[in-house]
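In: Sharing a sequence plus its predicted fold:
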Amino acid sequence: MADIKDIFECTQCGYCCQGETTVSLDDNDQKRMTQALGLSEAEVRDKYWRVTGNVVQMKIVDSHCIFYDEGCTVHNGRPWRCAQWPLHPSMLAVRSNFETIRESCPGINQEISYDDFCRILQELMDEQTIIHC
Ligand code: SF4
Ligand code: SF4
């Protein structure tokens, strides 16, 4: 049986939570985050979200996501794209995506071959062990 630890184990380096933008939140993300924080949507929107037209992202503080503090402080309510990272299914089809993502994420097994990585990732996706929508 495939074990996610064979291809990925987060080092909590925080790299993926840095930058001047964040992933966007869809409607389900917004509901889940609001519930996880135990606040009203208006409060969450005001305190934590950056809303531009129909696009909702998380605010940035000191060049990182507002929820980042030595790890994700909204882990159970984080957006699905955060939960999916770094095991993006595009890596199965495009080897350069795998190489680019592995370079930016030290949690990906740095020794494993591309073929073995794809085999295990595909098994995990088939078992629905990981998010891959
Ligand atoms: S929600 Fe959590 S995992 Fe996603 S960018 Fe913010 S701190 Fe990182
Ligand atoms: S870049 Fe990779 S190892 Fe670092 S916090 Fe993000 S998922 Fe974890």
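Out: In hand now; what should we look at? Numbering: from 1, shown residues only. Ligands and ions are numbered 1, 2, ... in the order given.

In: Tell me how many other residues surround Leu39.
Out: Using other C-beta atoms under 10 Å, the number of residues around Leu39 comes to 15. (Glycine included, C-beta is placed from N, CA and C.)

In: List the contacts of it.
Out: Residues in contact with Leu39 (C-beta atoms under 8 Å, 6 or more residues apart in numbering) are Lys47.

In: and it, helix, strand or coil?
Out: Using DSSP: H, G, I helix; E, B strand; the rest coil as the criterion, the local structure at Leu39 reads coil.

In: Can you give me the separation between it and Asn28?
Out: Distance of Leu39 to Asn28, computed by C-beta to C-beta, to the nearest Å: 17 Å.

In: Return the set of buried residues in stretch 96-108.
Out: Under the neighbour-count criterion of 16 or more other C-beta atoms under 10 Å, stretch 96-108 has 98, 101-102, 105, 107-108 buried.

In: ok, Phe8 touching Ile108?
Out: Yes - if you go by C-beta atoms under 8 Å, Phe8 and Ile108 touch, sitting 5.3 Å apart.

In: okay, and the common contacts of these two?
Out: Common contact partners of Phe8 and Ile108 (C-beta under 8 Å, 6+ apart): Pro86.

In: Please identify which pair of the buried residues of stretch 96-108 lies farthest apart.
Out: Using C-beta to C-beta, the two most remote members of those are Phe98 and Gly107, lying 13.6 Å apart.

In: so what are the domain limits for the protein?
Out: For the chain, the structural domains run 4-13+85-126, 16-77, going by automatic domain parsing.

In: for Thr73, what are its contacts?
Out: Phe67.

In: How confident was the prediction at it?
Out: Looking at Thr73, its pLDDT stands at 96.

In: What of Ile130?
Out: Ile130 is given a pLDDT of 69.

In: Now do the end-to-end distance for stretch 53-67.
Out: 22 Å (C-alpha to C-alpha, to the nearest Å).

In: quick one on the thing from earlier: to ligand 1, which of the domains of the chain lies closest?
Out: domain 16-77 (3.1 Å; C-beta to the nearest ligand atom).

In: Report whether that closest one contacts ligand 1.
Out: Yes - applying C-beta under 6 Å from any ligand atom, one finds domain 16-77 in contact with ligand 1 at 17, 22, 58, 65, 67-68, 72, 74.
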